[in-house]
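In: below is the sequence, then the predicted model.
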Amino acid sequence: MSQAIVITGSTRGIGRCMAVEFLRRGCRVVASGRPAEPPEDLRAALAPFDGNWTYVSCDVRSTAALENLWTEAAAFGGGVDVWINNAGRNAPHEWLADTAQDPVDDLFATNVGGVVHGSRIAARGMLAQGRGAIWNMEGLGSNDMIQVKTILYGTSKRALTYFTQGLAKELEGTPVRAGRLSPGMMLTDFITKSADGEPAPVLRDKSFRFVFNALGDRPETVAAFLVPRMLRNRRNGAQIAWLTGPKAFARFLLAPFRHRNLIP
Ligand SMILES: NC(=O)c1ccc[n+]([C@@H]2O[C@H](COP(=O)([O-])OP(=O)(O)OC[C@H]3O[C@@H](n4cnc5c(N)ncnc54)[C@H](OP(=O)(O)O)[C@@H]3O)[C@@H](O)[C@H]2O)c1
């Protein structure tokens, strides 16, 4: 039987691209995000697979919404085989001392609270059904890299990594697995837009553009790498990493010859 997949934060970006890749492979997908209805772009991207996907509105900052996502998804898919805590956000690119309280609270409620409660609800449901895999989306900070003006995001992703490694230990010996996805750097709204929807100021930074053009990728490319590996994986505590250290090193060396222009 085809696998049933839930992806939080799949209205756009890597979440939407993973939804398409799972559907291409015959899975049933529950897409999700904060809007009450699936946005038009999402509908268009998933239209070739109508009948195999549904949309459930879920703001991951709400545990009631996450509980509802599990219930609806399990009814749609006959259980849930894969639950991906992908929803995530950044805080304004500024010094901590200049940052207001709301973006801080919002970031931790989404990137940490959403992942912890999403994992908790999925783990409970999966243990009861006797199968399943939980994947959490890492990011800058997961590998301890510290970047000033991004320390809130880095803290949230470092916490997520610790949490997922711990969850895998707790799930050892059960039919449920937990693992991490490491997507590298992707050209999505997350990078290109600031919180108010305007072009992100960081795009004007020449050194950022150099690094991104050397190391970054389109989310479609990363999703096509991650999804088959998730479907094949049988190991608890796995990490599926797109941009490994050696790959990043090779890309830097080749950057002058490749002329990649993701951000012109
Ligand atoms: N882009 C990168 O370079 C990069 C690198 C490493 C890791 N990541 C991680 O990858 C994940 C996806 O990022 P992306 O690059 O695809 O960003 P994106 O294009 O901005 O997409 C973010 C997704 O998260 C959803 N979301 C945000 N807040 C939410 C909430 N409270 N409840 C439910 N959904 C919420 C958004 O949906 P709505 O706004 O429609 O609700 C959207 O679907 C994030 O966890 C991010 O940290 C990204």
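Out: The structure has been received and is ready for your questions. Residues are numbered from 1 along each chain as shown.

In: the helices in the stretch 1-150 of the chain, which residues?
Out: For the stretch 1-150 of the chain, helices defined by DSSP state H, counting those that start in this stretch occupy the ranges 13-24, 40-46, 63-77, 101-108, 114-129.

In: show me the strands in the stretch 51-200 of the chain, by range?
Out: Counting by DSSP state E, counting those that start in this stretch, the stretch 51-200 of the chain has these strands, from start to end: 53-57, 82-85, 132-137, 176-182, 185-186.

In: to T150, which of these lies closest?
Out: strand 185-186 (12.5 Å; CB to CB). In this view, the C-beta of every residue, glycine as well, is placed from N, C-alpha and C.

In: parallel or antiparallel, which strands does that closest one pair with?
Out: Partner strands and pairing direction for strand 185-186 (DSSP bridges) are strand 216-217 (parallel).

In: the helices of the stretch 1-150 of the chain: which one's closest to the ligand?
Out: Comparison of these against the ligand by CB to the nearest ligand atom identifies helix 13-24 as nearest, at 2.1 Å.

In: out of the strands of the stretch 51-200 of the chain, which is closest to A31?
Out: Closest among these, once you apply CB to CB, is strand 53-57, at 5.1 Å.

In: close to the ligand: what parts of the stretch 151-264 of the chain are there?
Out: Neighbours of the ligand within the stretch 151-264 of the chain, by CB under 6 Å from any ligand atom: 183, 185-186, 188-191, 219.

In: which helix of this protein spans the most residues?
Out: For the chain, the helix with the greatest residue count under DSSP state H is helix 151-171.

In: might you list the low-confidence residue ranges for the protein?
Out: Applying pLDDT under 70 to the chain flags the ranges 1.

In: how distant is the longest helix of the chain from the center of its chain?
Out: Between the centre of helix 151-171 and the centre of its chain there are 13 Å (CA atoms, centre = their mean, to the nearest Å).

In: who's in contact with it?
Out: With CB atoms under 8 Å, 6 or more residues apart in numbering as the contact definition, helix 151-171 has outside contacts at 88, 90-91, 96, 99, 103-104, 107-108, 111-112, 115-116, 119, 123, 134, 136-142, 144-147, 177-180, 236-237.

In: check contacts around the most centrally placed residue in the chain.
Out: Central residue of the chain (CA atoms, centre = their mean): N86, 2.8 Å from the mean position. N86 makes contacts with 7-10, 14-15, 18, 137, 181, as judged by CB under 8 Å, 6+ apart.

In: quick check on those residues: which are buried?
Out: 7-10, 14-15, 18, 137, 181 (16 or more other CB atoms under 10 Å).

In: go through the residues you listed and say which is closest to L46.
Out: In terms of CB to CB, no member of the buried ones among the contacts of N86 lies closer to L46 than S10, at 9.4 Å.

In: circling back to that earlier point, turn the contacts of N86 into CSV, columns for distance to G33.
Out: What follows is those, written out as CSV (distance: CB to CB, whole Å):
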residue, distance to G33
I7, 9
T8, 8
G9, 6
S10, 6
I14, 13
G15, 8
M18, 13
M137, 14
L181, 18
